[in-house]
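Asker: Would you be able to build a 3D model of this:
(one chain, ligands or ions: 1)
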Amino acid sequence: MQRWNLLTKAIFRLKVTDNPAEFQALRRALKGRIGAVYTMGALHEGHLSLVSRARAENDAVVATLFVNPTQFAQNEDLSRYPRTLEHDLEAFERAGVSLLLTPTPETMYPSGYQTSITVEKVTQGLEGAHRPGHFVGVATVVAKLFNLTLPDRAYFGQKDAQQVVVVRQMARDLNFPLEIIVCPTVREADGLAMSSRNAFLTAPQRQAASVLYRGLQAAGEVYTRGERATARLIDAAYQVIAAEPLAEIDYIALNDPRTLAPIVEATDAPVLLSLVARIGTPRLLDNCLLPLELNNLQALTRLLGGT
Ligand code: AMP
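Answerer: Presented below is the predicted three-dimensional model:
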């Protein structure tokens, strides 16, 4: 009997609902400073690092799990996106999340829905150029999730650096009263950035995938030796990745981390090196700030500035 009580307590510490209105009401009942984490599920240590940071800095953490259809193009992997709900519920519970929203596309975009948010300049390059409509989907869903979760602080991963810049711009332009915190990219032992899409890699592809990180490191080393010419920094990453037969480079780019404007000639101001490569089916993203020492706790948060 006693064991049963303990079990039910443990299970019900995390409140889960798929109903946005109910979630918002439960969220309003929470007291103190609230941190929020937004995910598409298939949780890994990268997601959980955001939760753990949010827990450390707030009185309670709320989270969302929603594979948002409007940020996937027709030809993209929406139906194949990994879904591991039971594992995710347990992971959120263990990580100390108080309240979780798991909405459906129908409750997020009910019949008659007709509003979307376009962030202009910072969505034009990089992923925006390769995935038309992607950032309209992202900005719109994040605005909705901000209103549903009402956080004091919202936590995002540097792994999706352009997403952070877009969300930051949207939050500033629309006067969302919250702080955006950018957390460092969590990596596997060989440097591969953790990603739900890594689950699609076969064993040889998984081995090859660390080449993205090695490419970033190569550019970082050249930068440390004093190189600032954009073409040479990009080429340092390119040479490493192009040498891997399983990798097909989509793009490698050097941008201002605040505005995402392409860098013509790097100065000593921090720059963002982004790269995307396909290893088999999955398109893998990675990035780093140069100089490499900046890829720590607060660099991108600081660079983007407060709301
Ligand atoms: P996703 O579920 O892929 O949409 O990611 C949800 C959040 O987790 C986003 O803010 C991501 O940037 C962040 N995230 C994803 N992978 C990582 C990682 N390897 N390290 C840190 N944050 C991550």
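
Asker: For the residue of the stretch 51-200 of the chain found nearest the ligand, give me its contacts.
Answerer: As assessed by CB to the nearest ligand atom, the ligand sits closest to residue 157 within the stretch 51-200 of the chain, at 2.2 Å. Quick note: C-beta positions are derived from backbone N, CA and C, even for glycine. With CB atoms under 8 Å, 6 or more residues apart in numbering as the criterion, the residues that contact residue 157 are 46-47, 49-50, 164, 182-186.

Asker: can you list these in JSON lines and add pLDDT?
Answerer: Below are those laid out as JSON lines (pLDDT from 0 to 100):
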{"residue": "46", "pLDDT": "98"}
{"residue": "47", "pLDDT": "98"}
{"residue": "49", "pLDDT": "98"}
{"residue": "50", "pLDDT": "98"}
{"residue": "164", "pLDDT": "97"}
{"residue": "182", "pLDDT": "96"}
{"residue": "183", "pLDDT": "96"}
{"residue": "184", "pLDDT": "96"}
{"residue": "185", "pLDDT": "97"}
{"residue": "186", "pLDDT": "97"}
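
Asker: near the ligand, which of the residues you listed show up?
Answerer: 46-47, 49-50, 183, 185-186 (CB under 6 Å from any ligand atom).

Asker: If you rank those residues by neighbours, which is first?
Answerer: residue 47 (27 neighbours; other CB atoms under 10 Å).

Asker: what bridges to the nearest residue to it once chain neighbours are set aside?
Answerer: Closest residue to residue 47 in three dimensions, ignoring its sequence neighbours and counting by CB to CB, 6 or more residues apart in numbering: residue 39, at 5.1 Å. Beta-bridge partners for residue 39, by DSSP bridges, are residue 65.

Asker: same deal with residue 247?
Answerer: Residues in beta-bridge contact with residue 247 (DSSP bridges): residue 279.
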